[in-house]
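> Here's a sequence, model it:
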Amino acid sequence: MMLRYALQTVRDRKGGFLGAFLALMCAAALITACGTLLETGLRGTVKTERYAAAPVIVSADQNVHQTTVKHKKGKTKVKHKAKPIAERAWLPADDIERRLKNAPGVGEIVPELTFPAQPLTAAAAIDRDRPAYGHAWRSAALTPFRLVDGRAPRASGDLVIDRDLADRTGLTPGDRLTVQSTQSPRTYRITGVAAPESGALSHQTSLFFSSGEAERLAAHPGKVSAFGVVPDRNTGVADLKRAVAHALDGTTAQVSAGDDRGPVEFLDAAGARVKLVSMGGAMGGTSLLVAVLVVVGTFALSVQQRHRELALLRAVAATPQQIRKLLGREALLVGAAAGVTGSLAGIPLGGWLHGRFVETGAVPATLERAVSVFPPFVAIGATVLGAWAAARIAGRRIVRIRPAEALAEARVERSGPAWGRIVAGLVLLAGGAVLVAVLSVLRTEAASTPVTFLAVVVLACALALLGPFVVRAAAALLRGPLRLTGATGKLAHANLRGNAARMAAAVTPLALLTGMTCTVLFVQPTLGDAARQQARDGIRANWVLAAQGPGVPAQAARELRTAEGVEAATEVVRTTVRVGLDKYPAQGVTPEGLARTWDPDVVAGSLKGFGAGSVAVSELAADQLGLKPGGTLALTLGDGTKAELTVRAVYARGLGFGDLTMAHDLVARHVDNPLAATVLVKSDRTQEQLAAAVEKFPGVQVLSPAVADGLQAERQQANAEVNHLAVGLVLAFTAIAVVNTLAMSVSERMREFAMLRLAGATRRQVLRMLRTEALSVLFIGTALGSGVALAVLTAFSVGMTGSAAPTVTPLVYVSVVAVAGLLALPATALPGRAALRPLPVTVATAKE
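Reported below is the predicted structural model:
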């Protein structure tokens, strides 16, 4: 019975439920899209390419492990954790190969060397989606590659390229190609062109060198990046894997077969899983919180519009339980329809979002998107539950009061205080204040970023609950300015004060939109500008070497050091290390002449005597790790190698230079790309003279520190685009909610407008009153949102940079307010014009 009434109500009041339907549909689409990202991080496949012909791959362990043993109440609890390292780990070649040869069922063992090898060809011929890697020709059998032209490389100057590169560049055997690998660039003679038997590789370009040259360029003597193992004729893959694992028992090597080979080949794809899980979870959680906030407000406005109808039901003996069931059934119907529609739209939306992440480089293309029924089902369930809860919350008052009181309250908005709402709002406001206070002491980006956006949402929820009181307070402040605009301003002020709950329903999404947008736009610039400022202050060099390719070769820095007029040339190579399981950004610098090019603002200890066994740490790292000059730091380098270093100094400019600084040669031996990211040069020579000294190194440029800083700003902006994209959909949803709520609040006022017209107001005066109201709501919403964003950004800046001055670009902020205005004003004007079209007498005398 109640379901039939609910169906009839939804059918007869389509316009009243349209706003809730749109809000829920957008929420379901967002949750589905974020769910597909989360599922991709958990279950997305990484298909192998280079190792297609090797059923079993042996590789080094790519994780740092930590085992803790706790004894409690006579019980022993062992807990094991593992975290991935930043660079490729290498295997000892002789020991592993000897073990593999003794394993039963092994038919062939193929060692693999993988290292960066960038062809220095025309920019148009370089495919950024296919990074180039070098290998020894003997590992071509892993794919397998077969020669289609020419011969295999024999001498150190020979090179075989894959057919895709040959087609793009027009190179043929006999031509010469300069390759920038881990050493100085070298020109090779192309002796052959090879192609995979199963077709071109989709995600990489392969260059094959002779065995001796490949070992030189890999720069890991006595080690290999992996072994491909092929079974003999009488052994299956499963049996081979077990035999190989048994033979390698007691080593750190890991054995992979089937789909597990892909993550071994594409380490960046394996690392991207963690990023997608955190990104999808954060976006999905934020979407859900915003959706609940917006949907509750939308349902509250919908119930408010039907207050008289529901009061009449109470007056004709409908029980509170029946009203509650009616609202619940309506919400379930709308939520189910919106959830199904939104989840279907969320699947292609998730695909588009994944594609954009791939284009921006946040996620490698090798990690294939996972699609299943779980995200849509979760979205539908969350949408239906959210709609039902929103309806119960929005209708909780009408089902509690007596029928006569319900009819009386239907005539005018309730003016008495809702103590439950006030208490809940104050609790959330206090919770938001606590989050802001916590944010001001968080000093790592990983910890502060989720707290930042959670604080915005919690404070917006507090504003939603306290909205009517905030609007009344704002109306009191705006009374003078509004009355100066004449009769329409007085009417607008009366509506703000008398219909504060309705106005608050429009203020809340505006505040959320402004607060969230400003936070998203200014968090990364605040952090990035502080880091760049520290780097600018700490660079004493007057010139910087940078490269368009993989980096600056060490030979270029060596030649500059011996050039006349050059005081010092400091190579800087960057990586990430782990102390325990904690990750720290690190850099390696050349110790010789370091004080002439680099000043990290040492606050304890000294950089004198800084060398191969030394490390300097930032104040943050020193505090977290309890380090002082003279102490010992045990860490895991990028490729998993353990090291113990002596702390020489503690410095203040950790944002600009990373948390750990070590000797260049130590870091360069344990990274995939040992080329310097930059070389800091102190010299009295001109830019042209220095450029002439390094002209034989293709792609190496001599820049002023200001120009280098500008390039860093561009990279910072490119990195920020990923975060903007990640939260952009949530902001788009919030923008839709703004338009939706404003349109709903205006369209239900037809009778009010008709009464004003009958009382003598002209159509233009009513529209002017609406415009004044919209401007007032826009001012209140953007002011509240700006205040929330300013509080959160200031706390973020204090914690991360030590300064209470976040980076806020005035033009960007004005654009945010302008966009809010472009959303709010048309969303008020268009429904207002539509509501004024019928004749006032017809509307005023119509039955409700």
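
> wait, what's in contact with Met503?
Applying CB atoms under 8 Å, 6 or more residues apart in numbering, we find Met503 in contact with Val471, Asn495, Leu496, Ser745, Glu773, Val777, Ile780. Every C-beta, even on glycine, is put in place using the N, C-alpha and C of the backbone.

> cool, and Leu165?
Contact analysis of Leu165 by CB under 8 Å, 6+ apart lists Pro119, Ala125, Ala132, Leu171, Thr205, Leu207.

> same thing with Ala93?
So Ala93 contacts Pro111, Gly222, Lys223, Val224 (CB under 8 Å, 6+ apart).

> for Leu645, phi and psi?
The phi and psi torsions at Leu645 (degrees, to the nearest 10) take the values phi -120, psi 150.

> which ones are touching it?
By CB under 8 Å, 6+ apart, the contact set of Leu645 is Gly613, Ser614, Val615, Thr632, Leu633, Leu635, Met662.

> Tell me which residues are up against whichever strand or helix holds the fifth one.
Under DSSP states H and E, the secondary-structure element containing Leu633 is strand 632-636. Around strand 632-636, the neighbours that count as contacts under CB under 8 Å, 6+ apart are 64, 85, 577-579, 584, 615, 617, 625, 627, 642-647, 660.

> Out of the contacts of Leu165, who's the most crowded?
Highest neighbour count within the contacts of Leu165, by other CB atoms under 10 Å: Leu207, with 26 neighbours.

> Am I right that it falls within a helix?
No: assessed with DSSP: H, G, I helix; E, B strand; the rest coil, Leu207 is strand; it does not lie in a helix.

> That one bridge partners, please.
For Leu207, the beta-bridge partners are Gly134, Ile161 (DSSP bridges).

> quick one, what contacts it?
Taking CB under 8 Å, 6+ apart, we find Leu207 in contact with Ala117, Pro119, Ala132, Tyr133, Gly134, His135, Leu159, Val160, Ile161, Asp162, Leu165, Val179.

> run the last query once more with 6 Å
By CB atoms under 6 Å, 6 or more residues apart in numbering, the residues touching Leu207 are Ala117, Gly134, Ile161.

> Could you pull up phi and psi at the first one?
Its backbone dihedrals place Ala117 at phi -150, psi 100, with angles given as degrees, to the nearest 10.

> Pull the number of nearby residues for it.
If you count neighbours by other CB under 10 Å, Ala117 ends up with 24.

> any idea where the helices of the stretch 151-300 of the chain begin and end?
163-169, 211-218, 237-247, 261-265, 267-305 (DSSP state H, counting those that start in this stretch).

> Least confident of the ones you listed, on average?
Lowest mean pLDDT within these: helix 267-305, at a mean of 73.

> Out of the contacts of Met503, list just those in helices.
Val471, Asn495, Leu496, Ser745, Glu773, Val777, Ile780 (DSSP state H).

> Those into JSON lines, with extra columns for neighbour count, pLDDT and distance to Leu435?
What follows is the ones in helices among the contacts of Met503, written out as JSON lines (neighbours: other CB atoms under 10 Å; pLDDT from 0 to 100; distance: CB to CB, whole Å):
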{"residue": "Val471", "neighbour count": "28", "pLDDT": "86", "distance to Leu435": "24"}
{"residue": "Asn495", "neighbour count": "20", "pLDDT": "80", "distance to Leu435": "34"}
{"residue": "Leu496", "neighbour count": "26", "pLDDT": "80", "distance to Leu435": "30"}
{"residue": "Ser745", "neighbour count": "24", "pLDDT": "73", "distance to Leu435": "30"}
{"residue": "Glu773", "neighbour count": "26", "pLDDT": "84", "distance to Leu435": "33"}
{"residue": "Val777", "neighbour count": "25", "pLDDT": "87", "distance to Leu435": "27"}
{"residue": "Ile780", "neighbour count": "25", "pLDDT": "91", "distance to Leu435": "23"}
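
> circling back: return the member of the contacts of Met503 nearest to Lys325.
Nearest to Lys325 among these is Ser745, at 26.9 Å by CB to CB.

> The closest one and Ala506: what is the separation?
5 Å (CB to CB, to the nearest Å).

> Just after the helix or strand of the chain with the lowest mean pLDDT, pick out the following helix or strand.
One helix or strand of the chain scores below all others by mean pLDDT, DSSP states H and E: helix 403-411, with a mean of 57. Elements were assigned by DSSP H and E; along the chain past helix 403-411, the next helix or strand is helix 419-439.

> Tell me which other helices or strands that next one touches.
If you count contacts as 3 or more CB pairs under 6 Å, 6 or more residues apart in numbering; DSSP states H and E, helix 419-439 packs onto helix 445-483, helix 763-801.

> For the strand holding Leu633, C-alpha coordinates in CSV please.
Presented in CSV, the C-alpha positions along strand 632-636 are these (Å, rounded to 0.1, in the frame of the first residue of the first chain):
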residue,chain,number,x,y,z
THR,A,632,74.5,6.9,12.5
LEU,A,633,71.7,6.5,10.0
ALA,A,634,70.8,3.0,8.7
LEU,A,635,68.8,3.2,5.5
THR,A,636,67.9,1.3,2.3
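
> quick check, distance from it to the centre of its chain.
Centroid displacement of strand 632-636 relative to its chain, using CA atoms, centre = their mean, to the nearest Å, is 30 Å.

> Offset the numbering so it begins at 2, please.
Sure, I'll start numbering at 2, so the last one becomes strand 633-637.

> If you count neighbours, what's buried in that strand?
For strand 633-637, the neighbour count (16 or more other CB atoms under 10 Å) marks Leu634, Leu636, Thr637 as buried.

> Using CSV, please lay out the residues you listed together with distance to Gly516 and pLDDT.
Compiled in CSV, these are given as follows (distance: CB to CB, whole Å; pLDDT from 0 to 100):
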residue, distance to Gly516, pLDDT
Leu634, 41, 95
Leu636, 40, 95
Thr637, 40, 95
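
> Which of these sits closest to Ser279?
Looking across these and measuring by CB to CB, the closest to Ser279 is Thr637, at 21.6 Å.

> How many neighbouring residues does Gly729 have?
15.

> so it sits in a helix?
Yes: counting by three-state DSSP, one finds Gly729 located in a helix.

> Need the per-residue pLDDT for it.
72.

> Helix, strand or coil: sort out the residue nearest to it when sequence neighbours are not counted for me.
Excluding its sequence neighbours, the residue lying closest to Gly729 (CB to CB, 6 or more residues apart in numbering) is Val521, at 8.0 Å. Three-state assignment for Val521 (three-state DSSP): helix.

> Look up how far Leu513 lies from Val521.
Going from Val521 to Leu513 by CB to CB gives 12 Å.
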